[in-house]
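Undergrad: Generate coordinates for the sequence data below:
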Amino acid sequence: MTIDRTQLKHAFLTSTGWQDAAEHILPSDASFRRYSRLELGQRRRMLMDAPPEKESTHAFATVANALTGMGLSAPEIHAADHAHGFLLLEDFGDDTYTRLLQRDPALEEALYSLAIDALKHLQASQDTPDIPAYDHARLWQEVELFVDWAAPHADIRDAWQALWQTPLQYVASTHTTLVLRDYHVDNLMWLPTRNGVAQAGLLDFQDALLGHPAYDLVSLLQDARRDVSPALTRVMLHQYQPH
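TA: Here you go, the predicted model:
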């Protein structure tokens, strides 16, 4: 029998007192998760709808709790129905790095500097959650996507795999830090009413793994979504290095 997620959602919202909220569905991404903004009077929340056969709200909650425990800003979880895949979350607003930089490019260095400080803070924490390692098999799955997408009919898979064996073995041997895996301008927000590294709001981290510290740094500074100048990259790399 097909489960009616509309009915499940209504039941969840009723259980949390948000059944009468105005719902504004947000644009979807490449995942099976769907987000809505709820407005009830002057209060706002985000609703995550994540079908449990496709997505894990448990994973989101595990990483969110770890991040807030480190003093970083992940959305607070106000209510959860893990069995059916619903979370009622804190609403960070609309000021993603992407939108801020489109409105005011002069903020670039300050925003990236904040992101670097937050990343350093995360990587300095020893209180990592109990999540899987970014092992060789997982890394190879991602590297193999190049062949699947760019050269699906070419007979290069074996050569491609041989080429990557040594670097993947090196990276897979280092499971020292929490790797958010999508640490870039679309998933970073500015929260100016908070202090220090908590001003960086973190999103889309439910697929985090334990891995190499360079992963999120490269995601931020060699971002396919926008060009980061060599000059700014050098400044941020210098800031990232321990002094």
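
Undergrad: Do you have the strands of the protein handy? List them.
TA: With DSSP state E as the criterion, the chain has strands at 22-25, 34-40, 43-49, 77-81, 86-89, 177-179, 188-190, 200-202, 209-211.

Undergrad: which parts of the second one are buried?
TA: Spelled out, that is strand 34-40. For strand 34-40, burial by neighbour count (16 or more other Cβ atoms under 10 Å) applies to 34, 35, 36, 37, 38. (C-beta placed from N, C-alpha, C; glycine too.)

Undergrad: which of these lies closest to residue 118?
TA: The closest of the buried residues of strand 34-40 to residue 118 turns out to be residue 35 (Cβ to Cβ; 22.1 Å).

Undergrad: check contacts around the nearest residue to the closest one once chain neighbours are set aside.
TA: Closest residue in space to residue 35, ignoring its immediate chain neighbours: residue 26 at 4.5 Å, by Cβ to Cβ, 6 or more residues apart in numbering. Residue 26 makes contact with 34, 35, 36, 37, according to Cβ atoms under 8 Å, 6 or more residues apart in numbering.

Undergrad: In a markdown table: those residues, plus pLDDT and distance to residue 157.
TA: Shown next, in a markdown table, are the contacts of residue 26 (pLDDT from 0 to 100; distance: Cβ to Cβ, whole Å):
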| residue | pLDDT | distance to residue 157 |
| --- | --- | --- |
| 34 | 92 | 35 |
| 35 | 95 | 36 |
| 36 | 96 | 41 |
| 37 | 97 | 44 |
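
Undergrad: Correct me if wrong: residue 59 contacts residue 207.
TA: Yes - contact criterion Cβ atoms under 8 Å: residue 59 and residue 207 qualify, at 7.2 Å.

Undergrad: Counting neighbours, what do you get for residue 188?
TA: If you count neighbours by other Cβ atoms under 10 Å, residue 188 ends up with 24.
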